[in-house]
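**Student:** below are the sequence and a predicted model; questions follow.
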Amino acid sequence: MLSRQLGAGALRNAVSAPSFRLKNPLAAPRAFAQVRNASSASSSSPLESFLNSRITLVSVSLFTAGSVAWYTHLYGSLPFISQVHASHASDEGLHPPAYPWSHGGPLDTFDHASIRRGYQVYREVCAACHSLDRIAWRNLVGVSHTTDEVKAMAEEIEYQDGPNDQGEMFMRPGKLADYMPPPYANEEAARAGNAGALPPDLSLIVKARHGGPDYIFALLTGYVDAPAGVEVREGMNYNPFFPGGAIGMARVLFDGLVEFEDGTPATTSQMAKDVVTFLHWSAEPELDERKKNGIKAVILFSALTLISLYVKRFKWTPLKNRKILYDPPVDKTH
Ligand code: HEC
(Lines give C-alpha, C1' and ligand atoms only; values in the text may rest on other atoms or scores of the structure.)
Protein backbone atom coordinates (compact mmCIF):
# COMPACT_ATOMS: atom_id res chain seq x y z
CA MET A 1 0.00 0.00 0.00
CA LEU A 2 1.11 3.44 -0.83
CA SER A 3 2.08 5.25 2.32
CA ARG A 4 1.39 8.91 2.06
CA GLN A 5 2.70 11.71 4.22
CA LEU A 6 0.15 14.46 4.65
CA GLY A 7 0.96 18.04 5.48
CA ALA A 8 -0.29 19.36 8.84
CA GLY A 9 -2.76 21.70 7.20
CA ALA A 10 -4.15 19.31 4.60
CA LEU A 11 -7.59 18.97 6.16
CA ARG A 12 -9.30 18.13 2.90
CA ASN A 13 -6.97 15.24 2.18
CA ALA A 14 -7.67 13.82 5.61
CA VAL A 15 -11.39 13.87 4.93
CA SER A 16 -11.02 12.11 1.60
CA ALA A 17 -8.64 9.43 2.83
CA PRO A 18 -11.18 7.22 4.68
CA SER A 19 -13.73 7.46 1.89
CA PHE A 20 -11.13 6.08 -0.48
CA ARG A 21 -10.70 3.13 1.80
CA LEU A 22 -14.45 2.57 2.18
CA LYS A 23 -15.07 2.62 -1.50
CA ASN A 24 -12.47 -0.06 -2.13
CA PRO A 25 -12.64 -2.39 0.89
CA LEU A 26 -11.25 -5.28 -1.09
CA ALA A 27 -8.25 -3.33 -2.22
CA ALA A 28 -6.99 -2.92 1.35
CA PRO A 29 -4.19 -5.26 2.40
CA ARG A 30 -5.24 -8.14 4.66
CA ALA A 31 -2.93 -7.25 7.50
CA PHE A 32 -4.47 -3.81 7.66
CA ALA A 33 -8.00 -5.21 7.81
CA GLN A 34 -7.07 -7.64 10.58
CA VAL A 35 -5.59 -4.93 12.73
CA ARG A 36 -8.79 -2.95 12.40
CA ASN A 37 -10.91 -5.95 13.39
CA ALA A 38 -8.79 -6.89 16.33
CA SER A 39 -8.95 -3.41 17.76
CA SER A 40 -12.69 -2.89 17.35
CA ALA A 41 -14.21 -6.29 18.08
CA SER A 42 -13.44 -6.56 21.80
CA SER A 43 -15.48 -3.62 23.16
CA SER A 44 -19.25 -3.20 22.62
CA SER A 45 -20.50 -0.15 20.79
CA PRO A 46 -20.70 3.11 22.77
CA LEU A 47 -24.43 3.43 22.04
CA GLU A 48 -25.07 -0.02 23.47
CA SER A 49 -23.19 0.65 26.68
CA PHE A 50 -24.94 4.02 27.00
CA LEU A 51 -28.36 2.39 26.66
CA ASN A 52 -27.52 -0.37 29.13
CA SER A 53 -25.90 1.82 31.76
CA ARG A 54 -27.61 2.26 35.10
CA ILE A 55 -26.72 5.93 35.22
CA THR A 56 -28.71 6.49 32.03
CA LEU A 57 -31.68 4.66 33.52
CA VAL A 58 -31.60 6.64 36.75
CA SER A 59 -31.13 10.00 35.06
CA VAL A 60 -33.88 9.40 32.52
CA SER A 61 -36.26 8.39 35.33
CA LEU A 62 -35.30 11.46 37.34
CA PHE A 63 -35.76 13.67 34.28
CA THR A 64 -39.22 12.24 33.63
CA ALA A 65 -40.33 12.58 37.23
CA GLY A 66 -38.89 16.10 37.34
CA SER A 67 -40.69 17.15 34.15
CA VAL A 68 -44.01 15.87 35.44
CA ALA A 69 -43.48 17.61 38.78
CA TRP A 70 -42.51 20.83 37.05
CA TYR A 71 -45.54 20.69 34.73
CA THR A 72 -47.88 19.97 37.61
CA HIS A 73 -46.38 22.82 39.59
CA LEU A 74 -46.82 25.24 36.67
CA TYR A 75 -50.24 24.24 35.42
CA GLY A 76 -51.75 22.49 38.41
CA SER A 77 -52.78 19.42 36.44
CA LEU A 78 -51.07 16.32 35.21
CA PRO A 79 -49.94 16.27 31.59
CA PHE A 80 -51.78 13.99 29.14
CA ILE A 81 -54.48 13.20 31.69
CA SER A 82 -57.64 15.01 30.76
CA GLN A 83 -59.86 16.38 33.48
CA VAL A 84 -63.57 16.77 33.60
CA HIS A 85 -64.81 20.28 34.32
CA ALA A 86 -68.37 21.26 35.03
CA SER A 87 -67.80 24.49 33.13
CA HIS A 88 -67.41 25.95 29.68
CA ALA A 89 -64.07 26.67 28.04
CA SER A 90 -65.12 30.33 27.87
CA ASP A 91 -65.30 30.37 31.68
CA GLU A 92 -61.51 30.40 31.68
CA GLY A 93 -61.67 33.89 30.24
CA LEU A 94 -61.14 35.23 26.76
CA HIS A 95 -57.56 35.11 25.56
CA PRO A 96 -56.15 38.63 25.28
CA PRO A 97 -54.84 39.74 21.87
CA ALA A 98 -51.08 40.19 21.55
CA TYR A 99 -50.40 43.92 21.67
CA PRO A 100 -47.30 45.49 20.09
CA TRP A 101 -45.66 46.74 23.31
CA SER A 102 -42.94 49.27 22.72
CA HIS A 103 -40.72 47.24 25.06
CA GLY A 104 -41.77 43.87 23.66
CA GLY A 105 -38.94 42.88 21.33
CA PRO A 106 -35.57 41.48 22.35
CA LEU A 107 -33.89 44.77 21.44
CA ASP A 108 -36.59 47.08 22.86
CA THR A 109 -36.38 48.96 26.14
CA PHE A 110 -39.07 50.56 28.27
CA ASP A 111 -40.67 53.77 27.05
CA HIS A 112 -39.82 55.82 30.14
CA ALA A 113 -42.19 58.67 29.27
CA SER A 114 -44.90 56.03 29.29
CA ILE A 115 -43.73 54.74 32.70
CA ARG A 116 -44.01 58.30 34.01
CA ARG A 117 -47.55 58.71 32.68
CA GLY A 118 -48.37 55.23 33.95
CA TYR A 119 -47.24 56.15 37.45
CA GLN A 120 -49.59 59.13 37.30
CA VAL A 121 -52.48 56.84 36.34
CA TYR A 122 -51.58 54.42 39.14
CA ARG A 123 -51.35 57.23 41.70
CA GLU A 124 -54.54 59.00 40.63
CA VAL A 125 -56.71 55.96 39.88
CA CYS A 126 -55.48 52.52 40.97
CA ALA A 127 -53.80 53.59 44.24
CA ALA A 128 -57.25 54.19 45.73
CA CYS A 129 -57.68 50.42 45.98
CA HIS A 130 -54.40 48.69 45.03
CA SER A 131 -51.16 48.68 47.00
CA LEU A 132 -47.72 48.64 45.35
CA ASP A 133 -45.77 47.14 48.23
CA ARG A 134 -42.52 46.32 46.54
CA ILE A 135 -41.84 49.72 45.04
CA ALA A 136 -40.07 52.35 47.15
CA TRP A 137 -39.96 56.01 46.20
CA ARG A 138 -36.27 55.73 45.45
CA ASN A 139 -37.02 53.16 42.73
CA LEU A 140 -38.67 55.88 40.65
CA VAL A 141 -35.53 58.05 40.68
CA GLY A 142 -33.86 58.03 37.29
CA VAL A 143 -36.60 55.84 35.85
CA SER A 144 -39.59 58.14 35.58
CA HIS A 145 -38.83 61.13 37.81
CA THR A 146 -35.88 63.18 39.06
CA THR A 147 -34.66 62.93 42.65
CA ASP A 148 -36.23 66.27 43.57
CA GLU A 149 -39.58 65.32 42.08
CA VAL A 150 -39.65 62.01 43.94
CA LYS A 151 -38.60 63.66 47.22
CA ALA A 152 -41.43 66.17 46.86
CA MET A 153 -43.93 63.39 46.10
CA ALA A 154 -42.77 61.31 49.08
CA GLU A 155 -42.98 64.27 51.45
CA GLU A 156 -46.67 64.68 50.70
CA ILE A 157 -47.34 61.35 52.43
CA GLU A 158 -47.17 60.92 56.22
CA TYR A 159 -45.40 57.81 57.50
CA GLN A 160 -45.37 56.42 61.00
CA ASP A 161 -41.92 56.23 62.54
CA GLY A 162 -40.43 55.84 65.96
CA PRO A 163 -40.27 55.23 68.76
CA ASN A 164 -38.81 58.61 69.79
CA ASP A 165 -37.03 59.48 73.06
CA GLN A 166 -40.33 59.26 74.94
CA GLY A 167 -41.02 55.83 73.46
CA GLU A 168 -43.84 57.10 71.29
CA MET A 169 -44.51 56.52 67.62
CA PHE A 170 -44.79 59.66 65.56
CA MET A 171 -45.68 60.70 62.04
CA ARG A 172 -43.15 62.21 59.67
CA PRO A 173 -43.13 63.12 55.98
CA GLY A 174 -42.03 60.37 53.60
CA LYS A 175 -38.44 59.87 52.48
CA LEU A 176 -36.91 58.30 49.38
CA ALA A 177 -36.37 55.05 51.30
CA ASP A 178 -40.06 54.64 52.18
CA TYR A 179 -42.26 52.25 50.28
CA MET A 180 -45.44 53.22 48.43
CA PRO A 181 -48.23 53.74 50.97
CA PRO A 182 -50.97 51.07 50.86
CA PRO A 183 -54.58 52.26 50.52
CA TYR A 184 -55.84 49.94 53.26
CA ALA A 185 -54.35 49.06 56.62
CA ASN A 186 -54.94 45.32 56.16
CA GLU A 187 -56.64 42.71 54.01
CA GLU A 188 -59.88 42.79 55.99
CA ALA A 189 -60.20 46.54 55.48
CA ALA A 190 -59.49 46.08 51.76
CA ARG A 191 -62.17 43.42 51.43
CA ALA A 192 -64.64 45.44 53.47
CA GLY A 193 -64.12 48.39 51.12
CA ASN A 194 -64.61 46.29 47.98
CA ALA A 195 -67.68 44.17 48.67
CA GLY A 196 -65.59 41.21 49.80
CA ALA A 197 -63.16 41.20 46.83
CA LEU A 198 -59.48 41.75 47.56
CA PRO A 199 -57.67 44.16 45.22
CA PRO A 200 -54.35 42.37 44.71
CA ASP A 201 -51.02 44.10 45.19
CA LEU A 202 -49.94 45.35 41.77
CA SER A 203 -46.13 45.23 42.18
CA LEU A 204 -45.78 41.87 40.45
CA ILE A 205 -49.20 41.58 38.81
CA VAL A 206 -47.77 41.59 35.26
CA LYS A 207 -45.72 38.50 36.08
CA ALA A 208 -48.45 36.96 38.21
CA ARG A 209 -51.10 36.73 35.49
CA HIS A 210 -51.18 34.50 32.46
CA GLY A 211 -50.86 36.78 29.43
CA GLY A 212 -48.89 39.41 31.37
CA PRO A 213 -49.25 42.96 30.06
CA ASP A 214 -51.63 41.87 27.27
CA TYR A 215 -54.03 40.46 29.86
CA ILE A 216 -53.95 43.54 32.13
CA PHE A 217 -54.50 45.87 29.17
CA ALA A 218 -57.35 43.72 27.82
CA LEU A 219 -58.87 43.57 31.31
CA LEU A 220 -58.76 47.34 31.85
CA THR A 221 -60.23 48.13 28.43
CA GLY A 222 -62.45 45.07 28.06
CA TYR A 223 -65.51 45.94 30.18
CA VAL A 224 -68.69 45.32 28.17
CA ASP A 225 -72.34 44.62 28.92
CA ALA A 226 -72.96 41.02 29.87
CA PRO A 227 -74.20 39.03 26.87
CA ALA A 228 -77.73 37.70 26.83
CA GLY A 229 -78.16 34.75 29.15
CA VAL A 230 -75.21 35.61 31.41
CA GLU A 231 -76.18 36.56 34.93
CA VAL A 232 -73.80 38.82 36.82
CA ARG A 233 -74.36 39.03 40.55
CA GLU A 234 -75.10 42.32 42.26
CA GLY A 235 -71.85 44.24 42.82
CA MET A 236 -69.95 42.25 40.20
CA ASN A 237 -69.02 43.45 36.73
CA TYR A 238 -68.84 41.56 33.47
CA ASN A 239 -65.43 41.33 31.82
CA PRO A 240 -64.86 38.55 29.27
CA PHE A 241 -61.09 38.56 29.90
CA PHE A 242 -61.44 37.81 33.61
CA PRO A 243 -61.63 34.06 34.28
CA GLY A 244 -65.25 33.40 35.13
CA GLY A 245 -66.42 36.61 33.53
CA ALA A 246 -67.55 38.37 36.72
CA ILE A 247 -64.98 40.61 38.39
CA GLY A 248 -65.23 42.58 41.62
CA MET A 249 -63.46 45.59 40.12
CA ALA A 250 -65.67 47.93 38.13
CA ARG A 251 -64.43 49.71 35.02
CA VAL A 252 -62.08 52.40 36.33
CA LEU A 253 -60.61 54.04 33.21
CA PHE A 254 -62.69 56.53 31.22
CA ASP A 255 -61.55 59.00 28.57
CA GLY A 256 -60.12 62.18 30.08
CA LEU A 257 -59.90 60.83 33.64
CA VAL A 258 -56.41 62.18 34.22
CA GLU A 259 -54.57 65.09 32.69
CA PHE A 260 -51.11 64.17 31.44
CA GLU A 261 -48.51 66.90 31.93
CA ASP A 262 -46.88 66.13 28.57
CA GLY A 263 -50.13 66.79 26.71
CA THR A 264 -50.79 63.18 25.69
CA PRO A 265 -54.56 62.75 25.18
CA ALA A 266 -55.80 60.69 28.12
CA THR A 267 -57.98 58.21 26.29
CA THR A 268 -58.97 54.98 28.01
CA SER A 269 -56.58 52.90 25.96
CA GLN A 270 -53.74 55.41 26.36
CA MET A 271 -54.07 55.36 30.14
CA ALA A 272 -54.36 51.58 30.15
CA LYS A 273 -51.25 51.24 27.99
CA ASP A 274 -49.28 53.64 30.20
CA VAL A 275 -50.33 52.08 33.49
CA VAL A 276 -49.55 48.60 32.17
CA THR A 277 -46.11 49.78 31.03
CA PHE A 278 -45.60 51.20 34.53
CA LEU A 279 -46.75 47.95 36.14
CA HIS A 280 -44.52 45.95 33.79
CA TRP A 281 -41.60 48.08 34.93
CA SER A 282 -42.52 47.54 38.58
CA ALA A 283 -42.67 43.77 38.01
CA GLU A 284 -39.49 43.64 35.94
CA PRO A 285 -37.40 46.72 36.75
CA GLU A 286 -34.34 44.87 35.44
CA LEU A 287 -35.81 44.43 31.93
CA ASP A 288 -33.70 47.09 30.17
CA GLU A 289 -30.51 45.93 31.85
CA ARG A 290 -31.34 42.27 31.30
CA LYS A 291 -31.81 42.75 27.57
CA LYS A 292 -28.58 44.72 27.32
CA ASN A 293 -26.69 41.99 29.13
CA GLY A 294 -28.41 39.38 26.97
CA ILE A 295 -27.19 41.05 23.79
CA LYS A 296 -23.69 41.31 25.25
CA ALA A 297 -23.75 37.63 26.15
CA VAL A 298 -24.96 36.59 22.69
CA ILE A 299 -22.23 38.60 20.99
CA LEU A 300 -19.53 37.40 23.38
CA PHE A 301 -20.48 33.74 23.41
CA SER A 302 -20.98 33.48 19.66
CA ALA A 303 -17.54 35.02 19.12
CA LEU A 304 -16.07 32.57 21.66
CA THR A 305 -17.85 29.67 19.96
CA LEU A 306 -16.44 30.59 16.57
CA ILE A 307 -12.94 30.99 18.01
CA SER A 308 -13.10 27.68 19.86
CA LEU A 309 -14.36 25.89 16.74
CA TYR A 310 -11.46 27.30 14.80
CA VAL A 311 -8.92 26.42 17.52
CA LYS A 312 -10.32 22.90 17.79
CA ARG A 313 -9.91 22.27 14.07
CA PHE A 314 -6.49 23.89 14.11
CA LYS A 315 -5.23 21.74 16.98
CA TRP A 316 -6.75 18.52 15.70
CA THR A 317 -5.58 18.87 12.10
CA PRO A 318 -2.24 17.02 12.56
CA LEU A 319 -3.99 14.21 14.44
CA LYS A 320 -6.86 13.90 12.02
CA ASN A 321 -4.48 13.88 9.07
CA ARG A 322 -2.22 11.20 10.52
CA LYS A 323 -2.41 7.82 8.90
CA ILE A 324 -1.01 4.85 10.78
CA LEU A 325 -0.06 1.85 8.69
CA TYR A 326 1.09 -1.53 9.87
CA ASP A 327 3.84 -3.02 7.77
CA PRO A 328 4.10 -6.71 8.74
CA PRO A 329 7.70 -7.87 8.96
CA VAL A 330 8.59 -9.88 5.91
CA ASP A 331 9.54 -13.42 6.80
CA LYS A 332 12.86 -13.88 5.02
CA THR A 333 13.52 -17.51 6.08
CA HIS A 334 11.51 -19.00 3.16
C1 HEC B 1 -62.45 50.87 43.36
C2 HEC B 1 -61.32 50.05 43.65
C3 HEC B 1 -60.40 49.68 42.51
C4 HEC B 1 -59.73 50.53 41.66
C5 HEC B 1 -59.75 52.05 41.62
C6 HEC B 1 -58.93 49.68 40.82
N7 HEC B 1 -59.14 48.37 41.15
FE8 HEC B 1 -58.25 46.80 40.29
N9 HEC B 1 -59.27 45.53 41.49
C10 HEC B 1 -60.16 45.92 42.45
C11 HEC B 1 -60.73 44.75 43.09
C12 HEC B 1 -61.75 44.75 44.20
C13 HEC B 1 -60.12 43.63 42.44
C14 HEC B 1 -60.40 42.15 42.72
C15 HEC B 1 -61.42 41.67 41.72
C16 HEC B 1 -61.82 40.24 41.91
O17 HEC B 1 -61.01 39.45 42.41
O18 HEC B 1 -62.96 39.91 41.53
C19 HEC B 1 -59.21 44.17 41.45
C20 HEC B 1 -58.44 43.39 40.63
C21 HEC B 1 -57.51 43.91 39.76
C22 HEC B 1 -56.61 43.11 38.99
C23 HEC B 1 -56.45 41.60 39.05
C24 HEC B 1 -57.35 40.88 38.09
C25 HEC B 1 -57.08 39.39 38.18
O26 HEC B 1 -56.83 38.78 37.13
O27 HEC B 1 -57.11 38.83 39.29
C28 HEC B 1 -55.84 43.96 38.26
C29 HEC B 1 -54.73 43.59 37.29
C30 HEC B 1 -56.28 45.28 38.56
N31 HEC B 1 -57.28 45.21 39.48
C32 HEC B 1 -55.73 46.41 38.00
C33 HEC B 1 -56.14 47.68 38.30
C34 HEC B 1 -55.55 48.84 37.71
C35 HEC B 1 -54.37 48.84 36.73
C36 HEC B 1 -56.21 49.89 38.21
C37 HEC B 1 -55.98 51.36 37.87
C38 HEC B 1 -56.10 51.71 36.51
C39 HEC B 1 -57.21 49.39 39.11
N40 HEC B 1 -57.14 48.03 39.15
C41 HEC B 1 -58.09 50.17 39.84
C42 HEC B 1 -60.51 47.21 42.80
C43 HEC B 1 -60.03 48.34 42.17
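**Tutor:** Cool, got the structure.
**Student:** only C-alpha atoms from now on, for both contacts and neighbour counts.
**Tutor:** Noted.
**Student:** what's around Leu202, how many residues?
**Tutor:** If you count neighbours by other CA atoms under 10 Å, Leu202 ends up with 22.
**Student:** dump the residue contacts of it.
**Tutor:** 130-133, 279 (CA atoms under 8 Å, 6 or more residues apart in numbering).
**Student:** does the spatially most central residue of the chain sit in a helix or strand, and which one?
**Tutor:** Most central in the chain under CA atoms, centre = their mean is Lys207, positioned 9.4 Å from the mean C-alpha point. Using DSSP states H and E, Lys207 sits in helix 205-208.
**Student:** what of Ile216?
**Tutor:** In this assignment (DSSP H and E), Ile216 forms part of helix 212-221.
**Student:** now swap in Gln160 and tell me
**Tutor:** Assigned by DSSP H and E, Gln160 falls in strand 158-161.
**Student:** for that strand, name the packing helices and strands.
**Tutor:** strand 170-173 (3 or more CA pairs under 8 Å, 6 or more residues apart in numbering; DSSP states H and E).
**Student:** the strand it packs on pairs with which strands, parallel or anti?
**Tutor:** Using DSSP bridges, the strands paired with strand 170-173 are strand 158-161 (antiparallel).
**Student:** what does the stretch 151-300 of the chain have sitting close to the ligand?
**Tutor:** Contacts of the stretch 151-300 of the chain with the ligand, taken as CA under 6 Å from any ligand atom, map to 194, 197-200, 216, 242, 247-249, 252.
**Student:** list the buried residues of the helix holding Lys207.
**Tutor:** By neighbour count on 16 or more other CA atoms under 10 Å, the buried set for helix 205-208 is 205-207.
**Student:** now do the contacts for the closest residue to Ile115 other than its chain neighbours.
**Tutor:** Leaving aside its sequence neighbours, Ile115 sits nearest to Phe278 (CA to CA, 6 or more residues apart in numbering; 4.4 Å). Counting by CA under 8 Å, 6+ apart, Phe278 makes contact with 114-119.
**Student:** now the strands for the stretch 101-250 of the chain?
**Tutor:** 158-161, 170-173, 237-238, 246-247 (DSSP state E, counting those that start in this stretch).
**Student:** tell me what the helix holding Ile216 is packed against?
**Tutor:** Packed next to helix 212-221, using 3+ CA pairs under 8 Å, 6+ apart, are helix 205-208, helix 268-283.
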